[in-house]
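Trainee: kindly generate the corresponding structure for this input.
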Amino acid sequence: MKTNVLNYHVIVKPDVETGTGKPGFTAFCPTLGVADGGDTVEEAIQNIKGAIQAYVASLEADSLPVPTDNPSQDILTQVSLPKPKSFNFV
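Mentor: Residues are numbered from 1 along each chain as shown. This next block holds a predicted model:
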C-alpha cells in the first residue's frame, strides 16, 4: 500500500500575542497562506499542522486544487544589508 504525504515549508518566528503582549511563536505556511501560533516552537508547529490539515480538507471538500510545495525549485538563502541609520529594530 502506497502512502501519499504532503510536505510544506513552515516558517516559525518569535512573536508577541496580540492584546496580551505575551511572548510566543507564529508558524506560517507560505504555500497555503495559513498561520497559527503557540507558546513554544513545538506548540506552534503542532498548531500549524492542524491548521494545514483543516485547510487542505476544506479545499478537498470544495473540489478545489490543493497547492503543494516544489522543493526542487525552492532556494533558501540569507541576504545581509547594511542597516540604515534611521532604522529602529523592534
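
Trainee: for the rest of this, base every contact and every neighbour count on C-alpha atoms.
Mentor: Will do.

Trainee: okay, now residue 48: neighbour count?
Mentor: 23 (other CA atoms under 10 Å).

Trainee: that one reaches residue 28, doesn't it?
Mentor: Yes. Using CA atoms under 8 Å, residue 48 and residue 28 qualify as a contacting pair, with a distance of 7.3 Å.

Trainee: what touches both of those two?
Mentor: 34, 35, 36 (CA atoms under 8 Å, 6 or more residues apart in numbering).

Trainee: give me the most central residue, this structure.
Mentor: When CA atoms, centre = their mean is applied to the chain, the residue found nearest the centroid is residue 28 (1.7 Å).

Trainee: so it sits in a strand?
Mentor: Yes. Residue 28 sits within a strand when classified using DSSP: H, G, I helix; E, B strand; the rest coil.

Trainee: that one pairs with what?
Mentor: Beta-bridge partners for residue 28, by DSSP bridges, are residue 11, residue 35.

Trainee: contacts only, for it.
Mentor: 10, 11, 12, 34, 35, 36, 48.

Trainee: let's go with 10 Å and repeat that
Mentor: Contacts for residue 28 (CA atoms under 10 Å, 6 or more residues apart in numbering) come out as 9-13, 34-37, 44-45, 48, 52.

Trainee: what about burial for these, which qualify?
Mentor: 10, 12, 35, 36, 37, 44, 45, 48, 52 (16 or more other CA atoms under 10 Å).

Trainee: how about those, which pair is most distant?
Mentor: 12 and 52 (14.3 Å; CA to CA).

Trainee: which stretches of this structure form helices?
Mentor: 41-61 (DSSP state H).

Trainee: poorly predicted segments of it, please.
Mentor: Along the chain, segments meeting pLDDT under 70 span 1-3, 71-72, 89-90.
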